[in-house]
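**Student:** please work out how this folds:
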Amino acid sequence: MPLAEVTVFGCDGTKDIQMVSRSEMLRDLNKIVGGYIEMITPNHKIGYLLADEIYIVNELGWGLSANPAVPGLVGPVVLMKAKDFE
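**Tutor:** Next up, the predicted model:
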């Protein structure tokens, strides 16, 4: 099963490298962020992304704590290569 490496920034300041299944990526990302996902691209006003990176966050973000690693975002934040999100 092919895997993609992602970096997860937790609301408690932790940084964790995880492997997500390419065949079950949506399910895995939903589980990490705790709900429906939203993709943030380098063109977005929030974040410090390289051209080939994206953030995956909780779409609604209601009731989630601010993420200290990524100012302006709440809840767990997943950093990954755009090419891995297909």
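**Student:** need the pLDDT of the nearest residue to residue 35 once chain neighbours are set aside.
**Tutor:** Nearest residue to residue 35 in three dimensions, chain neighbours excluded: residue 58, at 4.8 Å (CB to CB, 6 or more residues apart in numbering). Every C-beta, even on glycine, is put in place using the N, C-alpha and C of the backbone. Note for residue 58: predicted pLDDT of 97.
**Student:** how close does residue 58 sit to residue 16?
**Tutor:** Look at residue 58 and residue 16: by CB to CB, to the nearest Å, they are 16 Å apart.
**Student:** neighbour count for the two, which is higher?
**Tutor:** residue 58 (22 against 11; other CB atoms under 10 Å).
**Student:** residue contacts, the more buried one?
**Tutor:** Each residue near residue 58 by CB atoms under 8 Å, 6 or more residues apart in numbering is listed here: 33, 34, 35, 36, 37, 38, 64, 74, 75, 76.
**Student:** for residue 76, grab phi and psi.
**Tutor:** In terms of degrees, to the nearest 10, the main-chain angles of residue 76 are phi -60, psi 140.
**Student:** that one contacts residue 11, doesn't it?
**Tutor:** Yes - taking CB atoms under 8 Å as the definition, residue 76 is a contact partner of residue 11 at 6.6 Å.
**Student:** those two: which has the busier surroundings?
**Tutor:** Shown here are residue 76 and residue 11; by other CB under 10 Å, residue 76 has more neighbours (25 against 16).
**Student:** now do the same contact list for the more buried one.
**Tutor:** Taking CB under 8 Å, 6+ apart, we find residue 76 in contact with 8, 9, 10, 11, 32, 33, 34, 57, 58, 67.
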